[in-house]
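[1] build me a model:
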Amino acid sequence: EANRAFPIGLKEETMPREKKPAAIAMPILALRGLMVFPHMVLHFDVGREKSVAALEQAMMESQEIFLVAQRDADVEDPTVDQLCRVGTIAHIKQVLNLPGDSLRVLVEGLRRATLETITQEEPYLLGKVRPEPERPEEESIEMQALVRTTQDFFAAYAAASQRGSAETVNSVREVEAPDQLADVIAANVLTHLEDRQAILEELDVKTRLEKLCTILARETELAGVEKQVQARIKKQIEKNQKDYYLREQIKAIQTELGDKEATDVEDLRDRLEHTPVNDEAREKLQKELERRPAWLPAPRQWACAAPG
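    The predicted model follows:
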């Protein structure tokens with residue numbers, strides 16, 4: 001502490017320090033199975049009484065609400081321990097009444113915030129949230145390379161998973177702001193809540209992009225393996241269907257040829273030659289005939305010839 005250096009002419013007590021924004025009292029809406037990022041506009045339906053009350057209260061105040069994901073989507077009334085710690089302060093753009101006392105709300109994500117405490121649980125969740133300060137990254141060569149790398153990872157994922165059109169890839173390449181790029185991709189591509197929450201909770205933009213690249217690389221590899229598995233299963237299903245069709249066709253042809261009554265393999269071969277059938281079925285029937293020795297009687301004759 002004694003050796004700490006200060007800029008010339010600036011005393012320690014006047015040294016500028018990064019101050020965290022003050023905590024804000026704000027209505028809280030717990031999200032089930034979805035997540036809102038900054039830079040994101042999204043509409044969703046709200047039906048739980050506490051959520052509806054929180055929205056109504058926010059509309060009477062600043063029209064801002066804290067949206068945070070609950071860890072288990074099956075929990076109807078989550079406690080503070082069942083909510084994620086980092087969420088998004090959002091601006092409520094529109095609210096529509098739906099049948100059955102439900103609401104459809106359109107929101108725009110503004111900025112990340114951390115939930116510090118719950119101060120009220122009834123009739124809606126109210127708590128203190130601390131907005132996370134924006135940490136703009138310098139436009140360094142390394143950051144530019146990381147942005148381009150992230151865009152390339154996204155393009156590879158879109159191609160492998162077939163979940164993104166060329167227009168989507170092009171629109172992502174037009175996003176140059178590193179923080180916005182990470183949020184746009186995470187909001188529109190990532191399907192696992194854990195992955196989305198990990199990106200939302202990462203405040204350092206560089207680390208956020210690196211985490212996103214890791215997730216995209218994993219999902220791209222998984223999409224490739226899924227495609228191989230699906231192709232293998234599809235091929236097996238087609239083969240089974242084809243085999244079943246051939247078996248049924250052969251049965252019908254055998255009946256048509258009178259196979260159950262015939263004793264002469266040569267006679268069967270002659271009938272087969274004059275029966276319309278596709279090449280694959282003809283080949284299978286010819287193999288069946290080759291396996292039956294000419295001197296063996298037909299199955300019904302075996303039963304008659306059995307010693308009594």
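
[2] from Pro123, how far off is Gln144?
    When distances are taken as CB to CB, to the nearest Å, Gln144 and Pro123 turn out to be 50 Å apart. C-beta coordinates here come from the backbone N, C-alpha and C atoms, glycine included.

[3] so what's Ile118 up against?
    For Ile118, the residues meeting the contact criterion (CB atoms under 8 Å, 6 or more residues apart in numbering) are 28, 80, 125-127.

[4] strands along the stretch 51-200 of the chain, start to end?
    Read by DSSP state E, counting those that start in this stretch, the stretch 51-200 of the chain holds these strands, from start to end of the chain: 64-69, 86-98, 102-120, 125-131.

[5] out of those strands, deepest packed?
    Mean neighbour count (mean count of other CB atoms under 10 Å) peaks for strand 64-69 among those, with a mean of 24.

[6] what's the angle from that strand to strand 102-120?
    Computed with axes from the mean of the first three to the mean of the last three CA atoms, to 10 degrees, the direction of strand 64-69 lies at 90 degrees from that of strand 102-120.

[7] what's next to strand 64-69, contact-wise?
    Contacts of strand 64-69 from elsewhere in the structure, counted by CB under 8 Å, 6+ apart, are 26-32, 34-36, 54-55, 58, 83-84, 86-92, 107, 109-110, 113, 115, 127, 129, 193, 196-197.

[8] do the same with stretch 37-45
    Counting by CB under 8 Å, 6+ apart, 31, 34, 36, 88, 93-94, 98, 102-112, 179-180, 183-184, 186-187, 196, 199-200 sit against stretch 37-45.

[9] same thing with stretch 84-100?
    26, 35-38, 41, 43, 45, 47, 55, 58-59, 63-71, 103-115, 129, 131-132, 197, 200-201.

[10] now with 6 Å, please.
    The contact list for stretch 84-100 (CB atoms under 6 Å, 6 or more residues apart in numbering) reads 36, 58, 63-69, 103-111, 113-115, 197, 200-201.

[11] now swap in stretch 121-133 and tell me
    For stretch 121-133, the external contacting residues (CB under 6 Å, 6+ apart) are 21, 23-28, 50, 53-54, 57, 66, 111-120, 203.

[12] still on that earlier bit, need the strands of the stretch 51-200 of the chain in CSV (columns: distance to Asp152).
    Written out in CSV, the entries for those read as follows (distance: least, CB to CB, whole Å):
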stretch, distance to Asp152
strand 64-69, 29
strand 86-98, 27
strand 102-120, 26
strand 125-131, 32
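
[13] contacts only, for the residue nearest to His91 when sequence neighbours are not counted.
    For His91, the nearest residue in space outside its immediate sequence neighbours is Glu108; the separation is 4.9 Å by CB to CB, 6 or more residues apart in numbering. Under the criterion of CB under 6 Å, 6+ apart, the contact partners of Glu108 comprise 41, 91, 93.

[14] the first one bridge partners, please.
    The one in question is Val41. Listed by DSSP bridges, the beta-bridge partners for Val41 are Glu108.

[15] that one: neighbouring residues, count only.
    Counted with other CB atoms under 10 Å, the neighbours of Val41 add up to 13.

[16] tell me how far the helix or strand harbouring Glu221 lies from the chain's centre.
    Applying DSSP states H and E as the criterion places Glu221 in helix 205-257. Using CA atoms, centre = their mean, to the nearest Å, we find the averaged C-alpha position of helix 205-257 to lie 19 Å away from the chain's own average C-alpha position.
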